[in-house]
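Asker: Sequence plus predicted model, see below.
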Amino acid sequence: MTRTTRLQTALVTACFAVAISSGAMVACGSSSGSDGSAATSTSADKTTTTARLTEDYKAQAADFVNLHAMTVVRGFFVSNKLGHLDEALAIARANKGGVYPVGTIIQLVPQEAMVKRKPGWNPASKDWEFFFLDVSAKGTTIAVRGADEVENRFGGNCASCHKAAEPKFDFVCENDHGCEPLPIDHKVIESIQRADPRPL
Ligand code: HEC
């Protein structure tokens, strides 16, 4: 995970950087030098790091689209509204673990979603915001959103199941990451996916 390592290194060493999104100068309070230079990272790294630290993604109902408009990986669906789709897909496809980038939306069924917020948003949910959605031919409305308190329609707490995934998998369960398996067959899951009522 070169990217993660680089991010961690830059987190420790970076002092001043330009936040891409706002175009503003941002000070992050390090004592690495009066000129703000950081010995071990290039300015591109610092820019990326600061952008990552400051960017957040608060999903709106319209951001949740028909699953088949997302990218499928081994039976679940991925998108990223902040331009980090390639990074999210690389983590998902490699299936070796990694922290998903901010703005990643992952869904197994149309009615449930997890969305990656900024680092530190909610450590107990590994910065995932959990959603319970109502979907129809008209689109999506958000029924419930939140962190480790959100439950699905069966009263199951999202985070309490998902936190059983091995830490490196960043709360993504699949069928072999350490979570209790779902009590429904994959064939049933596939038919729920196919029945997504939202327009494509
Ligand atoms: C009973 C435990 C349980 C509960 C409760 C639960 N999940 Fe899951 N979830 C799983 C398991 C296990 C999988 C993997 C299923 C598979 O691929 O076989 C999964 C899959 C997913 C996936 C696809 C990515 C992954 O982790 O494999 C998403 C997204 C997801 N769940 C979101 C939610 C949300 C949002 C809630 C709450 C509204 C929720 N889940 C509640 C156990 C649970």
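Answerer: Received, thanks.
Asker: and the most centrally placed residue in the chain, what are its bridge partners?
Answerer: Centroid-nearest residue in the chain: residue 116, 2.7 Å away (criterion: CA atoms, centre = their mean). For residue 116, the residues forming beta bridges with it (DSSP bridges) are residue 128.
Asker: so residue 73 makes contact with residue 94?
Answerer: No: with contact defined as CB atoms under 8 Å, residue 73 and residue 94 do not form a contacting pair (10.1 Å). Just so you know, the C-beta spots here come from the backbone N, C-alpha and C atoms, and that holds for glycine as well.
Asker: Looking at these two, which has the bigger crowd around it?
Answerer: Neighbours were counted for residue 73 and for residue 94 using other CB atoms under 10 Å; residue 73 has more, 17 against 10.
Asker: which residues touch the more buried one?
Answerer: 89, 92, 93 (CB atoms under 8 Å, 6 or more residues apart in numbering).
Asker: buried ones in the strand or helix carrying the first one?
Answerer: Read it as residue 89. Residue 89 is located in helix 85-94, with elements delineated by DSSP states H and E. Within helix 85-94, the residues that count as buried by 16 or more other CB atoms under 10 Å are 85, 87, 88, 89, 91, 92.
Asker: Can you give me the neighbour number for residue 187?
Answerer: Other residues close to residue 187 by other CB under 10 Å number 8.
Asker: What residues sit buried inside whichever helix or strand it is part of?
Answerer: Per DSSP H and E: residue 187 is located in helix 186-194. The neighbour-count criterion (16+ other CB under 10 Å) identifies residue 193 as the buried residues of helix 186-194.
Asker: same question, stretch 138-157
Answerer: Neighbour counts over stretch 138-157 (16+ other CB under 10 Å) mark 140, 145, 147, 148, 150 as buried.
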